[in-house]
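Undergrad: Compute the structure for the input listed below.
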Amino acid sequence: MKRLYNTITDRLQESIAVYASNGGGSHQDRAGVERLVDSMNVSVKKHPLNAEGRYYVDCDTCLDHEWCVYVAPNNFRMAEEVGSAYVFKQPTTPEEEAQCKRALDECPVGAIRDDG
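TA: Next up is the predicted model:
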């Protein structure tokens, strides 16, 4: 059963990435797909390099788009060896908080999470 969930999740994430790369889709469209994936009880795998705190990257979902690094360079880095972003520093200023929120909202595959 877990294998089926992973297969469906992979296909959904690929669809989101293609849709986003073609300039389509709104935040609401992506949020709806994320809710569907979340409702399937798919486990989240936090990147092992994530700094402890509110924001983190699900390394099984991240597809190495690097958008988060672009919009929040003080908080996100790429782990090239695994092809995934991670939060190396939690936000400490209102500007960094806004950038992390933007990264979360605009991640094309919904790999950034917020436990806050």
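
Undergrad: Okay, and Glu96 sits in which element?
TA: Glu96 belongs to helix 94-106 when assigned by DSSP states H and E.

Undergrad: got the buried residues for that helix?
TA: 96-97, 99-101, 103-104, 106 (16 or more other CB atoms under 10 Å). Using the backbone N, CA and C atoms, a C-beta is placed for each residue, glycine as well.

Undergrad: Can you pull out the residues in contact with that helix?
TA: Contacts to helix 94-106, defined as CB atoms under 8 Å, 6 or more residues apart in numbering, come from residues 27, 55, 67-68, 71-72, 74-76, 87, 91, 112-114.

Undergrad: Can you pick out the ones from those that are in strands?
TA: Under the assignment DSSP state E, the contacts of helix 94-106 contribute 55, 76, 87, 112-114 to strands.

Undergrad: hmm, which of those residues are the buried ones?
TA: Buried members of these, scored by 16+ other CB under 10 Å, are 55, 76, 87, 112-113.

Undergrad: Could you dump those residues into a markdown table with distance to Thr61 and pLDDT added?
TA: Putting these into a markdown table (distance: CB to CB, whole Å; pLDDT from 0 to 100) gives the following:
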| residue | distance to Thr61 | pLDDT |
| --- | --- | --- |
| Tyr55 | 14 | 96 |
| Phe76 | 14 | 97 |
| Val87 | 14 | 96 |
| Ile112 | 9 | 94 |
| Arg113 | 9 | 92 |
